[in-house]
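S.K.: Show me the folded form of this:
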Amino acid sequence: MVYVAGALPDIAWRPANPGDSLGWIMSQSLAGQLLLASPSLLDPNFVRTVVLIGIHSEDGAMGVVLNRPSTVTVQDAVPQLEDVVGALDPVYVGGPVQQSSVVFLAEFLEPSLAGTLVLGRIGFPAPDAGVQQLSEGTARSRVFAGHAGWGRGQLDAEIEDGDWITHPAQPQDVFTDVPDELWSSVLTRMGGSYALIARMPLDPSVN
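M.R.: This is a model prediction of the structure:
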């Protein structure tokens, strides 16, 4: 695994496709939103995951899974980022795409270091941002192995099919200290029938 500051699809380095209409961007872009896997989504890559969408345009979408910390630490996988993230912090499994690449997500003190801002000051670094700059210019940060990606129209179709539940992200979701509880805690926060879903056992045969 190697640190690649720009290890994101090309779509991540621009706010939207130049061909996207402003109306589409304002009405349909899910950037900055959470995707919560519905109980019917049985793909092992995404069962009960919470994904932060970083980019969503007519060309497709990308994001990172927020609630799957691995047993691998930053010092073991990407020691050059120890001073930025924390040596003993886990590397999170960001998704099934390009898992040999590292995706860096942070809350930026200096917005010019961000290539893409997703939620307030939270986003991905510019491709030319150096490790020292990131150490001095970020507050909170996380490292992910790989990311989640969708082709043109794919995510929209999955949402229409009921695979995902969307909800606005909050900074505490991105940097939660209890990732194992994130899926249920966000659904509980949404209330109503979603709070009931949050209490469903992983195995529906268990009462």
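S.K.: ok, and for the host helix or strand of residue 101, which residues are buried?
M.R.: Element membership for residue 101, per DSSP states H and E: strand 97-108. For strand 97-108, the neighbour count (16 or more other Cβ atoms under 10 Å) marks 97, 98, 101, 102, 103, 104, 105, 106, 107, 108 as buried. In this view, the C-beta of every residue, glycine as well, is placed from N, C-alpha and C.
S.K.: on contacts alone, who are the packing partners of it?
M.R.: strand 60-65, strand 122-125, helix 131-137, strand 138-150, helix 171-174 (3 or more Cβ pairs under 8 Å, 6 or more residues apart in numbering; DSSP states H and E).
S.K.: Reformat the ones you listed as CSV; add mean neighbour count and mean pLDDT.
M.R.: Compiled in CSV, the helices and strands packed on strand 97-108 are given as follows (neighbours: other Cβ atoms under 10 Å; pLDDT from 0 to 100):
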stretch, mean neighbour count, mean pLDDT
strand 60-65, 25, 95
strand 122-125, 25, 94
helix 131-137, 16, 91
strand 138-150, 22, 95
helix 171-174, 16, 96
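S.K.: Let me see the contact set for the spatially most central residue of the chain.
M.R.: The residue lying closest to the centre of the chain (Cα atoms, centre = their mean) is residue 64, at 2.6 Å. By Cβ atoms under 8 Å, 6 or more residues apart in numbering, residue 64 lies in contact with 51, 52, 54, 92, 94, 95, 103, 105, 144, 147, 148.
S.K.: Out of the residues you listed, which comes closest to residue 133?
M.R.: Nearest to residue 133 among the contacts of residue 64, counting by Cβ to Cβ, is residue 105 at 15.7 Å.
S.K.: From residue 163, how far out is that closest one?
M.R.: 23 Å (Cβ to Cβ, to the nearest Å).
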